[in-house]
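Chemist: starting from these lines, generate the structure:
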Amino acid sequence: MVKGEQERLRSLRQLALLDTPPEERFDRIVRRAIQFFGVETALITLVDENRQWFKSRQGMALTQTCRQESLCAHAIQQEGIFEIEDARLDDRFKDFVLVTAHRGIRFYAGMPMTTVDGFRVGTLCIIDSVPRRLNEQQRQVLKDLAACAEDEINRSR
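Modeler: Okay, the predicted model is just below:
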């Protein structure tokens, strides 16, 4: 494991959010994302060494997925919004189980959330089973909602 990754995981664990019950402070952000974007799914995810775990979710029954098939694991590798217009056409993701499933992921947009010590530990993401593209206003709203979620994760310290 890379040294930076060890520090990121330590920062994630210090939040004490993994495997905790749902909380209204996160759920309200996810509900707003669903309402504003009109997507089927919105999640607040935390990415540890082996999985992405959903602190808040709407539109998805799963509570976690393996990190190897996590779009959010890719999103936290960069700054800014990670957007995929059609995952079925993207060679990196077209074979992922959640992409190939009936009504699987086509559209994904995830904005990384960063801890106060500078580590990207998860995302606020929106997902749909139809391809789409965010416009500039939508991109700004996703950033704003992710900033709200980021504030909440940092209050957990």
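Chemist: need the contact list for residue 111.
Modeler: Residue 111 makes contact with 75, 80, 81, 82, 123, 124, 125, 142, 143, 145, 146 under the criterion C-beta atoms under 8 Å, 6 or more residues apart in numbering. To be clear about C-beta, it is placed using only N, CA and C from the backbone, and glycine gets the same treatment.
Chemist: elements contacting the helix or strand in which residue 145 is found?
Modeler: Per DSSP states H and E, residue 145 falls inside helix 136-155. Packing partners of helix 136-155 (3 or more C-beta pairs under 8 Å, 6 or more residues apart in numbering; DSSP states H and E): helix 24-37, strand 107-114, strand 120-128.
Chemist: average pLDDT for the last one?
Modeler: Same thing as strand 120-128. Mean pLDDT, strand 120-128: 98.
Chemist: partner strands of it, with direction?
Modeler: When pairing is defined by DSSP bridges, strand 120-128 lines up against strand 41-47 (antiparallel), strand 107-114 (antiparallel).
Chemist: where in this protein is pLDDT low?
Modeler: Applying pLDDT under 70 to the chain flags the ranges 1-3.
Chemist: picking up where we left off before, most tightly surrounded among the helices and strands packed on helix 136-155?
Modeler: Per residue and on average, the most neighbours among the helices and strands packed on helix 136-155 fall to strand 120-128, with a mean of 27 (mean count of other C-beta atoms under 10 Å).
Chemist: tell me how far residue 116 lies from residue 5.
Modeler: Residue 116 sits 18 Å away from residue 5, going by C-beta to C-beta, to the nearest Å.
Chemist: which one is residue 42 nearest to, not counting chain neighbours?
Modeler: Sequence neighbours aside, residue 33 is the residue nearest to residue 42 in space, at 3.8 Å (criterion: C-beta to C-beta, 6 or more residues apart in numbering).
Chemist: list the contacts of the one you found.
Modeler: Counting by C-beta under 8 Å, 6+ apart, residue 33 has contacts 39, 42, 124, 126, 142, 145.
Chemist: can we see that at 10 Å?
Modeler: Applying C-beta atoms under 10 Å, 6 or more residues apart in numbering to residue 33 gives the contacts 39, 41-44, 56, 58-59, 109, 124-126, 141-142, 145-146, 149.
Chemist: residue 41 too?
Modeler: 30, 33-34, 54, 57-60, 105, 107-108, 125-129.
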